[in-house]
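Asker: Let me see the structure of the following:
(2 chains)
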Amino acid sequence: MTTALNTSGSPHIPARFSVTKVMGWVLLALVPAITAHVFYFGVGIVIQILLATAAGYLFEGWCLRWRQQPLKPFLTDLTVPVTAVLFALCLSPIAPWYVAVVGMFFAIVVAKHLYGGLGNNIFNPAMVGFATILVAFPQSMSLWLPPAGLIQLGDNLQSIGWQQTLYVVFAGLPADISVDAVTAATPLTALKTGLQQGFAQSEIVTGAVFGDFGGLGWEWIANWLFLGGLLLLFKRVITWHVPAAVLMTTIAAATPFYLFNADIYMSPQQHVFSGGIMLAAFFIATDPTSGCSSNRGKIIFGAGVAILTVLIRNFGAYPDGVAFAVLLMNLSAPLIDRLTIPQPYGKKGQP
Amino acid sequence: MARIKDRLDSFHGGLVLKHHKELSVRSEVIAIDRPEQLVISLRVNRGHVSQPVVKVGDRVNKYQVIAQPIHPFGVVVHAPFSGTIHAIEERPTAAPDAEVAPCIILDTDAEDETIEYLPPLQSINRTSLIQRIQKAGILGMGGAGFPTHVKYDHQTHNQDHLLIINGAECEPYITCDERLMLDEAEALLKGTDLLMQAADARRAVIAIEDNLGSVKSLLDKTINTLELTGIEVIKVPTIYPTGGEKQLIKVLTGLEVPSGQTPLSLGIIMQNVATTKAVYDAVEHNRPLTERLVTVTGDQVGRPGNYLTPVGTSFERLLATAECTLSGIEKLVVGGPMMGYPMPNSAIGVDKTTNCLLLLNKDSSQPDLTTLPCIRCGDCVKACPQDLLPQQLFWYIQGDDLEKARNHHVFDCIECGACSWVCPSHIDLVSYYRYAKSELTYQDYKKAKAQLAKQRHENREQRLQDIKAERQAQRRAKAEKLKDKSTAKKEISAVLDRIKNKQADQDHKQ
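Answerer: Numbers count the residues shown, from 1 in each chain, chains lettered A, B, ... in the order given. Below you'll find the model as predicted:
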């Protein structure tokens, strides 16, 4: 009875989780926010997601072949769609197609594979892609659709369905429709320009793109992102450290400014419910690969993202600073990790 | 000193696992009939091999000593049955990687002439108990195989020690300790009482997991019947690896065993329940340790349960008794699914630390999952009961930066396998840590050796220089004497006198 048995190492029971499942949960957690996005801004987001995913897979396959890596495990791990969706959520729903393609090129080829592929990227790929197009195509990034509830402009673009959106994305706006007629500023841009023109915040937020406590539409997307984040917490895909640190620090950092001068500094709830903070808190800054690993490190990382974002929003040239804040903190993550090695069992109080 | 906390503490991380215990715990213990041949491993506890004291062809009696330790951490080995020594040779053993080690192969017979190798104890006190434990060849039967008497021998005197009897069998599938507590409550408690005497301990705690239904009430009742004092049964949460020595101490006392030290530094001695029962047998029945309970469980096991198995019984025999078929089985594991060792075949003998044979088919072991790169998700950090950063360790070891791994406390890893199990990239993390530990130990050994050689060389150089300097000093002293005229004359005349005397002597002899 000398059957050859398998002698691979312990544990000998099936693993609890897989990368594919982790990424699958992240995608699932994003579904409510995407649905809200469609509700307020039309089907553009779906087109951008599909576009970014297709481009992402193309670049991923190309890079894997080029780096002589096996295709199957890496094409089925669902990391590409996660990057694509996070990236697309930052895009304007009617951004031209090449914006998504260029962004995904920088996300997948430059940020991911040039640094060694899955697990080795220093920077968050989606944020690299987004920062690139923010710098490269500032014009198309400021073209945002007005929220659905606002549109009373007859048969204008807001009521457009698949066909018209596709047309705009791939062929540009029809010549007879002016850009200003169909687009609106994002709430953060509206605030920024309004403040620059000398309006008080209290006046600006009565504007059409604002809702009850944040940007109209945006506040609900933020709420649904929060819900999705709770799902990830519940499924233990992420821990509470980063989201709690990001949100609480955002409020803590924004409040003094607001109290100092409510007319020129954004209120804490605008900070939280408009723009990318909620997305960053649960889905971007929680990216394990480019973030910190110890719990203390995660808290410092999240706090850093929040502080930098508030500073960029309040003092910088860009209306939203989440992408740059995340990338800057990505750079600091290794250092933070080195300084926050937890004391293991039996070494408490020892150097 | 260590005190049991009123409210239990907890350790970092840990896992809630499906425990699969119901498979094997319900059935009665079955004793294995005398096997025709036993393969008794002489290797215990991290490679300390005992020296055979019998020769091939010798006839031995039941319980006769057949091997003696040559290292302080070795143990005495006894013959489980009478018989003839068939061979003494290297065989694969129930150790990690089925390591080949010297074994005594014993052809048993039914004579069973028992000679009293352990005479009844005249008096029961600390010294006589420790001696008895040593003579009975008892070691930690929970898996580590550390010689039991050493724990008590090394203790400092006049301390109020705390004895913890570890009944927290935290690995899934294994039930031999639970079964033992159910069947042998009295022996276990009497054994605990004996160990308290050996440990100078006024208090003892029997720790069991809170998923063991009736064990606590049974033990409590028996404590009352036996009128024992100072023994308490405490339920601890069923979180893997709560049965780990360090984790259990943290849960019960809130204290952490300092890194690199033993629980004794906290005044704590921990013992497995099977070991405690073995001590009782050695003292009350004068029986050395030659058999143990082994859980046989898993897939395709016809009669899963616990088997009272003589040391040296082959796995084949044990599996046959439990009505197992190996066809379609992917893995045969010694121990539990988290830390156990996979065996290449079943032609291996049970040893004193073999607590479980676990059979797993492909579905329940899934050994061929594709390994992806680490995505630094931190699940391992969350799971690690030692509060380490497993993924950082992995990163450094992969880059062969072992010193960094040392700085990240790789030596504090208890190899519980929690990190490997939760890893979504299916990386066999524990193997990396084992590699790093053994490689670092080897490097340290080499360094120490090189250091020693260097020291020797320097000493020699120093010695030669000293001799040279001494000679020079002598020469200089002589030259100094000759410088002065009057002393020079004296010297010369003294030399001439010596020569003269010598010649005179010789002349005289002739």
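
Asker: State the mean pLDDT of stretch B:82-97.
Answerer: Averaging pLDDT along stretch B:82-97 yields 91.

Asker: Over to stretch B:178-187?
Answerer: 93.

Asker: go on, stretch A:19-26?
Answerer: Mean predicted confidence for stretch A:19-26 is 92.

Asker: near chain B, which residues of the stretch 151-300 of chain A?
Answerer: A:236, A:239, A:288-289, A:291, A:293-295, A:298 (CB under 8 Å from any CB of the partner chain). Bear in mind the C-beta positions are built from the backbone N, C-alpha and C, glycine included.

Asker: Mind doing that once more with 10 Å?
Answerer: Contacts of the stretch 151-300 of chain A with chain B, taken as CB under 10 Å from any CB of the partner chain, map to A:236-239, A:241, A:286-295, A:297-298.

Asker: State which helix of chain B is the longest.
Answerer: helix B:429-483 (DSSP state H).

Asker: so does it get close to chain A?
Answerer: Yes - where contact is defined by CB under 10 Å from any CB, part of helix B:429-483 touches chain A, namely B:429-431, B:434.

Asker: pLDDT and neighbour count for these - can I get that in CSV?
Answerer: Shown next, in CSV, are the residues of helix B:429-483 next to chain A (pLDDT from 0 to 100; neighbours: other CB atoms under 10 Å in any protein chain shown):
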residue, pLDDT, neighbour count
B:Leu429, 92, 27
B:Val430, 91, 23
B:Ser431, 90, 15
B:Arg434, 90, 16
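
Asker: Of the residues you listed, which is the nearest to B:Val25?
Answerer: Nearest to B:Val25, judged by CB to CB, of the residues of helix B:429-483 next to chain A is B:Val430 at 27.3 Å.

Asker: Thought B:Gly417 was touching that closest one, still the case?
Answerer: Yes - between B:Val430 and B:Gly417 there is a contact at 5.4 Å, judged by CB atoms under 10 Å.

Asker: what is in contact with these two at once?
Answerer: Each of A:9-11, B:338-339 lies in contact with both B:Val430 and B:Gly417 under the rule CB atoms under 10 Å, 6 or more residues apart in numbering or on different chains.

Asker: so for stretch B:208-215, what's the average pLDDT?
Answerer: Here the average pLDDT along stretch B:208-215 is 86.

Asker: tell me which residues of it are tucked away?
Answerer: B:208-209, B:212, B:215 (16 or more other CB atoms under 10 Å in any protein chain shown).

Asker: same deal with stretch A:191-198?
Answerer: Applying 16+ other CB under 10 Å to stretch A:191-198 flags A:191-192, A:194-195 as buried.

Asker: Could you work out the most separated pair of these?
Answerer: Within the buried residues of stretch A:191-198, two members stand farthest from each other by CB to CB: A:Lys192 and A:Gly194, at 7.2 Å.

Asker: Can you name the residue of the stretch 51-200 of chain A nearest chain B?
Answerer: Of all residues in the stretch 51-200 of chain A, A:Gly119 sits closest to chain B, at 3.6 Å by CB to the nearest CB.

Asker: In contact with that residue, which residues are there?
Answerer: A:Gly119 neighbours (CB under 10 Å, 6+ apart): A:19, A:79, A:112, A:288-289, B:372-377, B:391, B:395, B:425.
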